[in-house]
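Peer 1: Could you look at this predicted model? Sequence included:
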Amino acid sequence: MVREGKFGVHEAVALLVTTSIVKIFYSNPAVVISKFGTASWYMSIVTATTALVGFTFIYFLLKRFPSKNIVEIYEISFGRFLGFIFSGVLCLFFLFNAGLSTREFTEALIIYVLPLTPPYFIVGFLSVITAIACIIGLESIARVSKIFFYILISGLVLVLLLSWKNYNFRYLTPIFGYGIDNMIVTAIVRSSAYGEVIIVAVVAKSLQGIEHIKRVGYLTIIIWGEVFATFILMAYTVTFPYTVASGIMSPMYTMTTLIDYGTFLQRMDPLFLFIWNISAVISVTMLFYTSVSIYCKMFRIQDMRPIVLSLIFIFFTIALIPKDSITVATGYVQKIREYGWIIFFGCPLLALIVSVFRRKGTGKAHA
Amino acid sequence: MPPLFGEVLNLLKYKKPDDKSFELLEQENEHTEKYKGGKGNKSSSSRKPSAIEASVDKSIDINLERVKKEFYLPTNSDVKIRRFKAGRMLNAFIVFIDGMVDNDIINNLIMRQLMMPGLFNDFNFNEYDPGDFIIDNVLSINNVNKEYDYNSVFEQVTNGKTAIFLDKCAYCLLVGNRSFTKRNVDKPVTENVVRGAQEGFIENLESNVSQIRRIIRNKNLVTEQITIGQTNKVSSTILYIKEVVNPALIEEIKRRINNIEIDHIAGNGILEQLIEDRPMNIFPQTMMTERPDRTAAFLMDGRAAVLSEGTPFALIVPITFWNLMNTSEDTFLKWQYGTFLRLIRLLGMIFAVLLPGSYVALTLYHQEMIPPELLAAIASSREKVPFPVLIEVLLLEGAFELIREGGIRVPGVIGNTLGIVGALILGQAAVQAGIVSPILVIIVALTGLGNFTIPNYSMTFAIRIVRILFITLGAILGFFGISMGLFIVAIIATSLKSFGMPYFTPVAPKGKREPGLIIRSPLTHQEERPDGLQAPGKKTGSNTHKWTGKNGRIVD
């Protein structure tokens, strides 16, 4: 099997939080605010709680098949052929997610920072970086994300604190947004925003046992969903009226440009730019790596490097498929958010049910 | 095939992952028990296959011919052979290298005593072995031993010992009377400290080992001898503390050193390159120090040191990135001062790596991020400069590197003067000529100062090279390029291991908190050895002042 190295809970949480958190730097908050209005900030609590339930199914599944990854579990639960299909769908989903995430980041970068640079150049550059990182390996990606995690969190907190002057808490009203019932239903569907947590099931053997996996999964969703997403969305809501916020491509970047404490403490864009870029590349790398990892596990390929080099071209092509930033932000990405839960949480739940009925795994059912 | 091209080609080939990579893991106790080591205790693995299989012959004439042949006599002028009759009854000869031995010992304690018949009165061929008799009754020298293997005899003679060959004996006696001119112990040149010992290593191996012994007065300090280099056969010593070090680490060091097949090793600098985990990687994976106190501190942590003849530096393994950024001074001072120094150094490193690249990125891509007054100052200062900012930065960086290299190579005081005068005149003239802008002189000067704060010489090179990458990336893609560069450099660095220990331990992978990071914790909090070393003896002690309460707090 593919040797992916070992890493601990800290590295895994840092990796998964960084992989997930970047979507809040792009167009995602604008779409969320357009759908939920002033209720966006606590919508993330409902979404994250749904994701916690979803992860519980993944956890039960992994507990039922100790020391197995999701690809092996699908094969055991559904049989070789169906399991192969399920794993293949997951692999493709991650590959598309990585490509589209890259394009979304590229478009935001072009809008705010590099207006004259063609998208293919940025995507190509990112592809090279991603390929190098994947060849170096998962262990190193996890370690790097751990090192940058401190900087990422400190930077985010700093930006949120320095934006204090721009906060207007009256923007939080009406508190229920477009209606609490609408909010809850849509929030549950959007639980795929935390779906990257399934990565722990793909690289399960790199973590030290099921208890670690449980801690990583729950901590990731709690830190990212219940804490950061809530505070960041609240900061957006109190900085921009919801009618304005729903039209901003990257509200976080715009927030940093509004920071002004005199001539020499203004415009925190450089600080944010580093955080944004590095977390984006970690996220893209991890999404891409996951698809490569699943592919190699499906075909029992032990050396990942030639596969990385092949798939990176497909990744590059996928990233360039969308016509423009609007197509990416309101089209592809929203479809992933709305239907992603089927692949992230639905398939593992189905596998769990099938494994219980087919009496596969340890037999100690926890579902 | 060039190694870099080979590496690239390897990416395209499918191959099963190999299991050869060494990982420093915690060892079972049984392993520790099994491990045999000791002073002068050459383990079986440390012996190289002998090129000359023959043992010492019983016939003195055959031995004499053999020695003459092997040492190319009479062409070789400094190899001396002296024939004589021991106790007027036993044919013998001694062989030594002039200039590497103490002549007084040869004249007064070897030749005189061996040629004194009175000392052989009790000798009888039937009762005594001649060698044993001489060792027990004739030579009043402490360091004498029998050697049967020719290969070892030649090695020891070239290392400064005197060999005594006796007729009818299939061995020779080796007398340790090594003595040659060496410089006195002096201040360390590359690792100055204000507080702390002012002694550095010298080129003499025994002297260096004794300096460590003077600091660590513990029987568990093991100094294991090993020979490196197929032709020049440099003596090296692996130092470690038996109870503290992970035995797998010592086995790995010996495995790597014993598998070096090289003709000539001129010191630890070459050895470092031959035993590091990833020779193609730009970052240093071992550490050189010329301070005995620092070497001792590393040994106490559970690391190992390799000292070689002719090199005033100890090679420390394994190391982490944090070790390369710290100095002895940090520990000699109060923890607050030590932490302050480390923060300054960290700032220096950030300047050294990112400042010129960020300047290029800011002026080319992100002008809106510069406060208006500063932007106006930069714009007016660049008004007369005809070059693009990238060329301007590379020109000045190049000039700075030239001054630096020139300053090192020019001898003595002139070197320092050249550095200062060169920088002043060149900078001033370049600004006046409109080749570079004044603000860039400040940027490059700050970068240079930042680079000088990095305490490890090899690390400064890595950072100087990486800086050029960041300047280029800043010019191509602004801050985005620099961020990507940071990510790649970080991922390459985190993938590194130094003798199986991850480079960024204990941050990534997470280990127990240790004092070697950015914040230097108080001595009373330093109760455990570094986690990543997987040392059997993890606890250093309670480290509390007995006159205070727990953790050094004063009891009211």
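Peer 2: Everything's here; your move. Residues are numbered from 1 along each chain as shown, chains lettered A, B, ... in the order given.
Peer 1: pLDDT value on the residue nearest to residue B:60 when sequence neighbours are not counted, please?
Peer 2: With sequence-adjacent residues excluded and distances taken as Cβ to Cβ, 6 or more residues apart in numbering or on different chains, residue B:60 is closest to residue B:167, at 4.1 Å. For every residue, glycine as well, the C-beta is placed using N, CA and C. According to the prediction, residue B:167 has pLDDT 90.
Peer 1: Could you list the low-confidence segments of the stretch 451-556 of chain B?
Peer 2: For the stretch 451-556 of chain B, applying pLDDT under 70 flags the ranges B:513-516, B:537-556.
Peer 1: how about the strands of it, start to end?
Peer 2: Under the criterion DSSP state E, counting those that start in this stretch, strands of the stretch 451-556 of chain B are mapped to B:497-498, B:501-502.
Peer 1: Let me know which of those strands is the nearest to chain A.
Peer 2: Closest of the strands of the stretch 451-556 of chain B to chain A is strand B:501-502, at 7.2 Å (criterion: Cβ to the nearest Cβ).
Peer 1: name the helices or strands packed onto that closest one?
Peer 2: Packing partners of strand B:501-502 (3 or more Cβ pairs under 8 Å, 6 or more residues apart in numbering or on different chains; DSSP states H and E): none among the helices and strands.
Peer 1: before we move on, back to that, with mean neighbour count added, can I get the strands of the stretch 451-556 of chain B in TSV?
Peer 2: Supplementary listing: those in TSV, determined by neighbours: other Cβ atoms under 10 Å in any protein chain shown:
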stretch	mean neighbour count
strand B:497-498	24
strand B:501-502	25
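Peer 1: Provide a list of residue ranges in chain A with pLDDT below threshold.
Peer 2: Along chain A, segments meeting pLDDT under 70 span A:1-3, A:363-367.
Peer 1: and if you look at the stretch 1-150 of chain B?
Peer 2: Applying pLDDT under 70 to the stretch 1-150 of chain B picks out residues B:1-4, B:7-8, B:11-12, B:16-20, B:26-53.
Peer 1: Going along the chain, name the strands of it.
Peer 2: Under DSSP E, counting those that start in this stretch, the stretch 1-150 of chain B gives strands at B:79-86, B:90-97, B:144-147.
Peer 1: how about JSON lines for these, with distance to chain A and mean neighbour count added?
Peer 2: Output for these, formatted as JSON lines (distance: least, Cβ to the nearest Cβ, whole Å; neighbours: other Cβ atoms under 10 Å in any protein chain shown):
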{"stretch": "strand B:79-86", "distance to chain A": "53", "mean neighbour count": "16"}
{"stretch": "strand B:90-97", "distance to chain A": "51", "mean neighbour count": "21"}
{"stretch": "strand B:144-147", "distance to chain A": "48", "mean neighbour count": "18"}
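Peer 1: for those strands, which one sits closest to residue B:171?
Peer 2: Among those, the nearest to residue B:171 by Cβ to Cβ is strand B:144-147 (4.7 Å).
Peer 1: okay, that closest one in CSV with CA atoms only?
Peer 2: Extracted as CSV, the C-alpha positions of strand B:144-147 are listed here (Å, rounded to 0.1, in the frame of the first residue of the first chain):
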residue,chain,number,x,y,z
VAL,B,144,52.0,-0.1,25.4
ASN,B,145,50.0,-2.8,23.7
LYS,B,146,50.5,-5.8,21.4
GLU,B,147,49.3,-5.8,17.9
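Peer 1: Kindly list the longest helix within the chain.
Peer 2: No chain specified, so I'll use chain A. Assignment by DSSP state H gives helix A:80-112 as the longest helix of chain A.
Peer 1: was after chain B, sorry
Peer 2: The single longest helix within chain B, with elements called by DSSP H, is helix B:457-494.
Peer 1: That helix versus helix A:80-112: what angle between them?
Peer 2: 130 degrees (axes from the mean of the first three to the mean of the last three Cα atoms, to 10 degrees).
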